[in-house]
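Student: here's my sequence, what's the structure:
(chains A and B)
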Amino acid sequence: MAIRVNPMFIDKLERFGAEDVMYCYQCGDCSTVCPHADQVFKFPRKSMRLLQMGLNGKLKMTLEPWLCYYCGQCSEQCPREADPGETMMSLRRWLISVYDFTGLAALFFRSRLAEITAIVTVAILTGVFLVFYGITNGDLQCMTARTLFFQARSFIVLTLRLGQSWHFSF
Amino acid sequence: MRTAIYFCQVEDPINLDIHAISKYAANLPGVELVRVMGNMSQLQAPAISEELIANRVERVVIAGDMPGYFKPFFTTAVSKAGGNTDEVRLASFKEHGATARNMHDRAKAVLACASMGVPFSLVAVPSGNPVHHATLVIGGGIAGIQASLEIANAGYEVFLVEKTGTIGGHMAMFDKTFPTLDCAACILTPKMVNVGQHDLIHLMTNSTVTEITGHPGEYRVKILQKARYVDSGSCVACGLCSDVCPVKVPSEFDAGISLRKAVYVPFPQAVPNSYLVDPENCTYIQTGGQKCGACLKKCPKECISLLEQDKAVTVEVGNVILATGYEMLDISRLDQYGYGKYPNVLTSLEFERLTNASGTTGGKIVTKSSRINKKTQEEEWYFNPEGKPPGSVAIIHCVGSRSKKYNPYCSRVCCMYSLKFAHLIREKIPEVKCYEFYIDMRAFGKGYEEFAERIKQEGTFIVRGHSASVDNINGQMIVKGEDIMNDRLVEFKVDMVILAVGLIPTPGTAELSQMLGIIRDSDGWFSELDYNGNPTETERGGIFVAGMCQGPKDIPDTVAQASAVAAGVLRSISSGMGLGDLGSLSLSEIESRAKQIQMV
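Tutor: As a prediction, this is how the structure comes out:
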């Protein structure tokens, strides 16, 4: 299989957080100090190299990003302050966005606005749920009898199930 | 001529107010267009060539710290716009010293010259001053020795001021020089003896420069001559005083791996070859004459006087040569290499003294042995000539160099001396396993690449990959690294680790630069007038730089620069006129001169 090189790949990854990859001069300090690197998985230097060369096809197939737990030792040791730990983290974000067919992950990782909007939306929904919980004195079942706010029965049943299975209590 | 000025920066300037300068640039004659651009990524060639056509621009000036970076880009833009590519001019602020005091005026002057199409170095020539014939050389290393000898041999007086008790500097500590593997002492000691015996060289060891006043061509220099406590005229270096001295302290000359007495001679070939007393460690001086005094009784020539006082000397000189040299980076901060924690982790200078035939083990390479200190009852490590030779040695390059945390620059000599170490180790112990961990091999000089190839063929394991950890497991040191060429992680059991430590300017450099009014660059080295065209002179007239104090360089380069400095000094003495301060030229003067040249 021919190896495809994408020189713009590094710009793409920059939006996922890997900003300093080009500082790396391949000294191998990061791989030396990495507690997870071994003879089979040599990272993060190798991932940095693949990134610099723009081999996203190869990066897509590697397991290295998933082995890293971002202890930060590599970033601490790096003489060029290229931040290999953050690069591995960004690679994970990018890989998630590749796997995610909805495109939501890519949106959340790259756009601060989308991220904040999502958090605010979830917060509002949670607030609404808590308000209902408070109004009904924790007895969400009563709402099945006197459906004041919700007409859709299926939604109430779903809420009920959730309430039962998670054992909400204050 | 219709001119466009573009300000382009690789990095944001620290103190330079670009907007103030761009305002000045807009008022220069013939300037039609001034643009403040960002870095390369913001430049768009088609847009700029359109702009050039719209304004009918005939000359483009690129201004900034490193305008050369952007020249290819603007040449393309100008040729697209159908202009003359010869009229792309550079206004380099950094090259012409717009980095410190009066930097705005300098930047403006550089810009004015470039917009008029006149080379700055042709215009900014300070007026001449009559020159005093004597010369002051600060620093008695190989650079100072070479410059002093060149000037003195031409028949002029030299004052050589050296901080320590002997001249020779770092080169005297070395065993071999790369790449020829000549004996360093054999090259240096004849020169040292020449300096000691020369009628025209006034050697002042154990001295420091405390004050410099005056102007170019006539400097008055105050020198503090610290007391040696031994009369160097009558001392015959018999060594009886040292034998009876009870105080033992680490030897500076041996990089701390051996002990010396409080009355000592730094090394047997020292010039001047006389003993001196270290007042901070001498019991007699510290107790005010209450205790000890053993050496006084023993000296057969009665040349020791422990009550001698420091004295200040004032000399008048015309030129000053700075050759203050370098120092090793303090690597106690780099704890991943275990220096100070594990006994057999050595710095390069320590190893240099260990392998030196005049060193503490007589040139035998051994690992440290332990003994119990009788006074403190603690275990201490020392080099015993009968000790165990190492079975394997790791040499780690770039320790503290080329790192954003320590020295951002390359120390330039480490690669070559590390290869030299590998050769010396394998020469003395043929069965030893020797590992070199390097990032990039910088074999840049004549015969250096061949030397590197030869070391590789000799059987040294050269690992492309920097090691970042030295561990000690049950007394066995383990060096880890990534072998990038063979794509594997390696772990070697080693008995000795040598760290190729980065170099920094001597601590006195900052003080001296303030005293003399000389600019230092961002790394602390002295700045020269023009890196390419004039690497020996400085902003101040009559003050020259030679050797490592201007930036890391190896022995051949240091000697070459010292000779070049001597040529500059002799030129000013024999013509009777030396250059003044570049800073004394005002902006308006440079402008009017540039206009005159432009007219012609």
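
Student: isn't A:Asp100 right up against A:Ala106?
Tutor: Yes. Counting by CB atoms under 8 Å, A:Asp100 does reach A:Ala106; the two are 6.9 Å apart. C-beta: built from backbone N, CA, C; applies to glycine.

Student: what does chain B put close to chain A?
Tutor: Proximity of chain B to chain A, by CB under 8 Å from any CB of the partner chain, involves residues B:336, B:398, B:402-406, B:439-440, B:465-469, B:480-482, B:484, B:487-489.

Student: the more surrounded of A:Asp100 and A:Ala106?
Tutor: Applying other CB atoms under 10 Å in any protein chain shown to A:Asp100 and A:Ala106 shows that A:Ala106 carries more neighbours, namely 18 against 14.

Student: for A:Leu63, which non-adjacent residue is spatially closest?
Tutor: A:Phe41 (6.7 Å; CB to CB, 6 or more residues apart in numbering or on different chains).

Student: now do that neighbour against A:Lys58, distance only.
Tutor: 14 Å (CB to CB, to the nearest Å).

Student: looking at these two, which one has more neighbours?
Tutor: Shown here are A:Phe41 and A:Lys58; by other CB under 10 Å, A:Phe41 has more neighbours (18 against 14).

Student: circling back to that earlier point, the residue nearest to A:Leu63 - that's part of a helix, no?
Tutor: No. Counting by DSSP: H, G, I helix; E, B strand; the rest coil, A:Phe41 falls outside a helix, being coil.

Student: the nearest residue to B:Asp487 once chain neighbours are set aside: neighbour count?
Tutor: Counting by CB to CB, 6+ apart, A:Lys42 is the residue found nearest to B:Asp487 once chain neighbours are left out, at 6.9 Å. When counting by other CB under 10 Å, one arrives at 20 neighbours for A:Lys42.

Student: residues in contact with B:Pro29?
Tutor: B:Pro29 makes contact with B:115-116 under the criterion CB atoms under 8 Å, 6 or more residues apart in numbering or on different chains.

Student: let's see it at 7 Å
Tutor: Applying CB atoms under 7 Å, 6 or more residues apart in numbering or on different chains to B:Pro29 gives no contacts.

Student: now do B:Arg56
Tutor: Per CB under 7 Å, 6+ apart, neighbours of B:Arg56: B:Arg2.

Student: check the gap between it and chain A for me.
Tutor: Using CB to the nearest CB, to the nearest Å, B:Arg56 is found at 36 Å from chain A.

Student: what secondary structure does that residue sit in?
Tutor: Put simply, B:Arg56 is coil when judged by three-state DSSP.

Student: quick one, phi/psi of the nearest residue to B:Lys226 once chain neighbours are set aside?
Tutor: Sequence neighbours aside, B:Asn206 is the residue nearest to B:Lys226 in space, at 4.7 Å (criterion: CB to CB, 6+ apart). When read as degrees, to the nearest 10, the backbone of B:Asn206 gives phi 60, psi 30.

Student: in chain A, which helix is the longest?
Tutor: helix A:112-135 (DSSP state H).

Student: other SSEs contacting it?
Tutor: helix A:104-110 (3 or more CB pairs under 7 Å, 6 or more residues apart in numbering or on different chains; DSSP states H and E).

Student: show residues contacting the helix it packs on.
Tutor: Helix A:104-110 has contacts (CB under 7 Å, 6+ apart) with A:15-16, A:93, A:96-97, A:100, A:114-115, A:118.

Student: are any of the residues you listed buried, and which?
Tutor: A:16, A:93, A:97 (16 or more other CB atoms under 10 Å in any protein chain shown).

Student: near chain B, which of the residues you listed show up?
Tutor: Residues of these in contact with chain B (CB under 7 Å from any CB of the partner chain): none.

Student: can you list those residues in CSV and add pLDDT and secondary structure?
Tutor: Converted to CSV, those look like this (pLDDT from 0 to 100; DSSP: H, G, I helix; E, B strand; the rest coil):
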residue, pLDDT, secondary structure
A:Phe16, 89, coil
A:Arg93, 92, helix
A:Ser97, 90, helix
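
Student: just the closest of those to chain B, please.
Tutor: Distances from chain B to those, taken as CB to the nearest CB, are shortest for A:Phe16 (18.8 Å).
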